[in-house]
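Engineer: A structural model of the following input is requested.
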Amino acid sequence: MSISMDAACLQCGLRRNIATVTPLGTDQQTMDFARELIKLYLDGPADVPSTWLTPEITRLLHERYGLGLDRFRQEKLDSNALVLNHMVPIRQRVEQAADPLLAGLQFSILGNYLDFSALQGQISFETFTEMLDTAQDMELDEAVLSQFRGDLEARKKLLYLTDNAGEIGFDRIFAETICRLYPNLDICFCVRGGPALNDATREDAQAVGIPFRVIDNGNLIPGTWLPQLGQEARQAMEEADVIFAKGMANVETLLGCGKNVYYAFLAGAGAERLSLLKKKIRDFSFKSVANRICLCYNGQNQFWRILCF
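Structural biologist: As a prediction, this is how the structure comes out:
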């Protein structure tokens, strides 16, 4: 269950976190931090996803450099405000679309661009606003989408696993569209249990006005790491007969869980991470995983999906 951390994850994590602290101190301080970071990775369990270490890395950054435990708070507030400014016209575009479910999904996936932790220094609100104009040009796999429609029609409980702040506003529009098209479906949103990079929390769900039941995962780990879920989230996972999971972290923590999960995310965290993740998913899918999915869009009209047999 999950995509376990490997040498590629170690390399990526070291590079990104060292890049964060290099401007904040001396070379010696950076080296000391790097040694502690390497020790965290090497001393951790071998069968956990890379996101499992996020709370410990956040603590280390706080202790060594005074970085806030909620260091992306301002970016989260700004993302929520940006999306709120666009919600009325985007909702109108979704409602007026020939296929509202498809349009809602397209905007939901596009919202995954607002990932300040993965795309450090690369997020541009101006670029995002421009991307909104072409969201409905996104080509998604009709076979997977048809299967998703069938599940929405036949199932009773949808658990919506969110990813980033800001993005959650477009998730609201998509979920409202699902609710309108499939009124017999009970929808529940699951956010993080507290500050976890720039991921959505209860505060963000409230900020964008999520009208559905909102629970949290009971921890500070990005994604949905089943062994450490809180009781409320664990029960929701057990009761849901269809799950919609946003973001790469949910793929890394949930792939192979045996639940009826659909994943969707914008693969914009860089070609290297995308290539590594595709390889991991391809290798993993040979194990006859029951999950299926979805659709990844890398901003250059290139799509792929996880094939599970």
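Engineer: domain parsing for the protein?
Structural biologist: 7-65, 73-304 (automatic domain parsing).
Engineer: and the average pLDDT for the longest one is what?
Structural biologist: Translated: domain 73-304. The average pLDDT within domain 73-304 is 84.
Engineer: return the distance of residue 58 relative to residue 82.
Structural biologist: When CB to CB, to the nearest Å is applied, the distance between residue 58 and residue 82 equals 24 Å. C-beta here means a position set from N, CA and C on the backbone, and glycine is covered the same way.
Engineer: following the longest helix anywhere in the chain, which helix or strand comes up?
Structural biologist: In the chain, assigned by DSSP state H, the helix with the most residues is helix 73-96. Elements were assigned by DSSP states H and E; along the chain past helix 73-96, the next helix or strand is helix 100-110.
Engineer: center of this structure - which residue?
Structural biologist: Among the residues of the chain, the one closest to the centroid is residue 247, at 2.4 Å (CA atoms, centre = their mean).
Engineer: before we move on, the earlier item: deepest in the core, which of the domains of the chain is it.
Structural biologist: domain 73-304 (a mean of 19; mean count of other CB atoms under 10 Å).
Engineer: please, where are all the helices along the stretch 1-150 of the chain?
Structural biologist: Under the criterion DSSP state H, counting those that start in this stretch, the stretch 1-150 of the chain contains helices at 7-21, 27-43, 54-65, 73-96, 100-110, 125-132, 142-154.
Engineer: can you tell me which of the ones you listed is nearest to residue 184?
Structural biologist: Among the helices of the stretch 1-150 of the chain, the nearest to residue 184 by CB to CB is helix 142-154 (8.9 Å).
Engineer: run the chain-centre distance for the closest one.
Structural biologist: Counting by CA atoms, centre = their mean, to the nearest Å, helix 142-154 is centred 21 Å from the centre of its parent chain.
Engineer: who does that helix touch, helix- and strand-wise?
Structural biologist: Other elements packing on helix 142-154 under the criterion 3 or more CB pairs under 8 Å, 6 or more residues apart in numbering; DSSP states H and E are helix 100-110, strand 261-266.
Engineer: can you rerun that using 10 Å?
Structural biologist: Taking 3 or more CB pairs under 10 Å, 6 or more residues apart in numbering; DSSP states H and E as the contact definition, the neighbouring helices and strands of helix 142-154 are helix 100-110, helix 167-181, strand 242-246, strand 261-266, strand 295-297.
Engineer: residue 31 and residue 64 touch, don't they?
Structural biologist: No: Residue 31 is beyond contact range of residue 64, at 11.7 Å (criterion: CB atoms under 10 Å).
Engineer: which neighbours do these two share?
Structural biologist: With contacts defined as CB atoms under 10 Å, 6 or more residues apart in numbering, the residues adjacent to both residue 31 and residue 64 are residue 25.
Engineer: quick check: closest non-adjacent residue to residue 46.
Structural biologist: Taking CB to CB, 6 or more residues apart in numbering, and ignoring the residues beside it in sequence, residue 46 has residue 4 as its nearest neighbour in space, at 6.8 Å.
Engineer: which residues does the one you found contact?
Structural biologist: When contacts are counted by CB under 10 Å, 6+ apart, residue 4 is found next to 45-50, 52, 252, 280, 284.
Engineer: give me that answer again for 7 Å
Structural biologist: 46-49 (CB atoms under 7 Å, 6 or more residues apart in numbering).
Engineer: now it: how far from residue 201?
Structural biologist: 26 Å.
Engineer: what's the distance between residue 29 and residue 232?
Structural biologist: Distance of residue 29 to residue 232, given as CB to CB: 41 Å.
Engineer: so the longest helix of the chain versus helix 125-132, what angle?
Structural biologist: Helix 73-96 and helix 125-132 meet at an angle of 20 degrees, taking axes from the mean of the first three to the mean of the last three CA atoms, to 10 degrees as the criterion.
Engineer: I'd like the distance from helix 73-96 to the chain centre, please.
Structural biologist: Averaging C-alpha positions (CA atoms, centre = their mean) puts helix 73-96 17 Å from its chain's average.
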